[in-house]
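Peer 1: with the input below, show me the fold.
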Amino acid sequence: MNEKTKSLRSPLGAAKGRGSAQSGFEHWYIERISALILLPTTAYVLIGFLDNVAKGGYSGAIYWLQSPLAAAFAILFLFAGLRHLVCGLQVVMEDYIHLTTARLPLLFAVKFGAVLLAILGVLSIAKIYFAV
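Peer 2: All right, here's what the predicted structure looks like:
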């Protein structure tokens, strides 16, 4: 070994301060929590919606969504689904799009689109719930 590569530092000492940026856990945790929220809300929304559509068609679905529990679950399903979608797409873009000039506008577009869909979804559910 020459003088430049020889170090008296232990492997742990060399690795300290060069670990993760400490931002990955929060992202991982939000993705897992949103997936856990999606399990019961998807089951409730899917079963309730399809059951009422089978019984009464369009008016049955509208009647079902005017229930406070159904509207709350639909909004929770919408928020959890969009948050899970944004987390997943962000990971894919960060892993596979290497140009920062291309990645940042796409990340912004995905987040902006999710917010827009959330607003439109909540307004649509509110319009049905309040029978406007």
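
Peer 1: drop to CA atoms for contacts and neighbour counts, all remaining ones
Peer 2: Noted.

Peer 1: per-residue confidence for Arg9?
Peer 2: Predicted confidence (pLDDT) at Arg9: the value is 72.

Peer 1: could you do the one 5 residues further on as well?
Peer 2: In the predicted model, Ala14 carries a pLDDT score of 66.

Peer 1: for Arg83, same thing?
Peer 2: On pLDDT, Arg83 comes in at 97.

Peer 1: run a quick neighbour tally on it.
Peer 2: Residues contacting Arg83 under the criterion other Cα atoms under 10 Å number 20.

Peer 1: hmm, it is touching Ala35, no?
Peer 2: No. Judged on Cα atoms under 8 Å, Arg83 makes no contact with Ala35 at a distance of 9.4 Å.

Peer 1: run the chain-centre distance for the helix or strand hosting Ile47.
Peer 2: In this assignment (DSSP states H and E), Ile47 forms part of helix 24-65. Relative to the centre of its chain, helix 24-65 is centred 14 Å away, using Cα atoms, centre = their mean, to the nearest Å.
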